[in-house]
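Peer 1: got a sequence here, can you model it:
(one chain, ligands or ions: 1)
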Amino acid sequence: MTLLPNHLHEQLADIAAPILSKCNQKPTVGIVLGSGLSGFGDSLTDAQVFPYSELPHFPDSTVAGHSGKLIIAPYKGTTIACLQGRFHYYEGYDNAQVTLPVRLLKQLGVETLILTNAAGGIQDGMSADDLMLITDHLNMMGRNPLTGKNLDFLGPRFPDMTNVYSQKLQQAALSVAKQQGITLKQGVYAGVTGPSYETPAEIRMLKTLGADAVGMSTVPEAIAARHAGIDVLGLSCISNLAAGLHHTTLTHEEVLEAGKSVAKTLQTLVGGVLDAITTPQQPKTFA
Ligand code: HPA
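Peer 2: As a prediction, this is how the structure comes out:
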């Protein structure tokens with residue numbers, strides 16, 4: 001399906017209307033589940049499930065570990081929208097496609113977005129299965145998702161990116177981690193396009209530039225979310241040590257496996273953050 005920048009407003013409304021008609025409440029929190037982390041979406045009860053293939057204007061997601069579904073469910077006194085499956089540049093998608101799910105969440109009413117991903121660890125002392133709170137990012141993708149005609153209905157031409165990752169949400173995540181005894185590292189996420197993993201020299205370069213972890217997603221979504229005024233929390237599951245920092249070769253299977261093993265911890269963390277940031281909703285009528 002083609003997304004047309006001049007018609008994106010109408011296209012988003014087209015996608016959102018049938019979804020909202022099936023939900024009792026608008027979602028206020030969105031979660032994008034990264035590689036191997038989709039189990040969180042499957043654990044939700046009383047959920048409305050919308051396969052991407054049934055949503056108008058939606059591309060299909062093609063990567064193993066990304067099943068391509070929007071799940072809307074009541075959770076901890078609010079309603080959340082989980083995106084199981086995202087669109088990456090390395091699959092050949094363009095800016096409008098990569099950012100479509102986040103913009104749809106905005107259209108559905110989401111004000112807070114939790115972006116999760118699998119990432120390679122770069123920071124000294126990191127190991128596979130660590131969780132990292134994203135404090136900031138480096139856009140190493142050679143492109144910006146807001147390039148082209150500005151979508152004024154979403155946000156300004158030159159949006160500020162000083163606090164991409166909300167300080168308030170970071171504090172909430174850190175205090176939940178402390179209460180729950182979860183070790184939560186903190187650092188800068190470098191977004192690269194992939195699909196090849198990095199060379200050891202590239203990892204040394206990224207480290208010199210200030211990166212603590214590296215991955216192939218999240219940055220365009222975070223930029224699009226901030227453009228649209230959504231508060232963002234970013235969590236990386238460190239699935240492997242980045243190239244050259246470990247003896248083994250890197251495989252996507254390893255990334256998926258590591259995702260599974262930290263999924264439970266991630267779920268606890270996300271649950272605690274939702275407790276900390278949400279107040280129970282009143283039944284809602286749609287304007
Ligand atoms: N590099 C880039 N992306 C990744 C990695 C990595 O080492 N691990 C998981 N996603």
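Peer 1: can you map out the helices along the stretch 51-200 of the chain?
Peer 2: For the stretch 51-200 of the chain, helices defined by DSSP state H, counting those that start in this stretch occupy the ranges 95-108, 167-180, 200-209.
Peer 1: pick the most deeply packed of the ones you listed.
Peer 2: helix 95-108 (a mean of 24; mean count of other Cβ atoms under 10 Å). C-beta coordinates here come from the backbone N, C-alpha and C atoms, glycine included.
Peer 1: the residue lying farthest from the centre of the chain and the ligand, how far apart?
Peer 2: The outermost residue of the chain, judged against the average C-alpha position, is His247 (29.1 Å), by Cα atoms, centre = their mean. Going from His247 to the ligand by Cβ to the nearest ligand atom, to the nearest Å gives 14 Å.
Peer 1: on the three-state scheme, that residue is what?
Peer 2: Counting by DSSP: H, G, I helix; E, B strand; the rest coil, the backbone at His247 sits in coil.
Peer 1: turn the helices of the stretch 51-200 of the chain into CSV, including distance to the ligand and mean pLDDT.
Peer 2: Shown next, in CSV, are these (distance: least, Cβ to the nearest ligand atom, whole Å; pLDDT from 0 to 100):
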stretch, distance to the ligand, mean pLDDT
helix 95-108, 16, 94
helix 167-180, 20, 93
helix 200-209, 8, 97
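Peer 1: closest to Leu274 out of the ones you listed?
Peer 2: helix 167-180 (9.2 Å; Cβ to Cβ).
Peer 1: now do the contacts for the closest residue to the ligand within the stretch 51-200 of the chain.
Peer 2: Nearest to the ligand in the stretch 51-200 of the chain, going by Cβ to the nearest ligand atom, is Gly120, at a distance of 2.2 Å. By Cβ atoms under 8 Å, 6 or more residues apart in numbering, the contact list for Gly120 reads 197-198, 203, 213-215, 238-243, 250.
Peer 1: and it, bridged to which residues?
Peer 2: Val214, Asn240 (DSSP bridges).
Peer 1: pLDDT score for it?
Peer 2: We have a pLDDT of 94 for Gly120.
Peer 1: which helix or which strand is home to Pro27?
Peer 2: Assigned by DSSP states H and E, Pro27 belongs to neither a helix nor a strand.
Peer 1: that one contacts Leu108, correct?
Peer 2: Yes. Using Cβ atoms under 8 Å, Pro27 is in contact with Leu108, at 5.5 Å.
Peer 1: which neighbours do those two share?
Peer 2: Taking Cβ under 8 Å, 6+ apart as the criterion, Pro27 and Leu108 both touch Ile72, Ala81.
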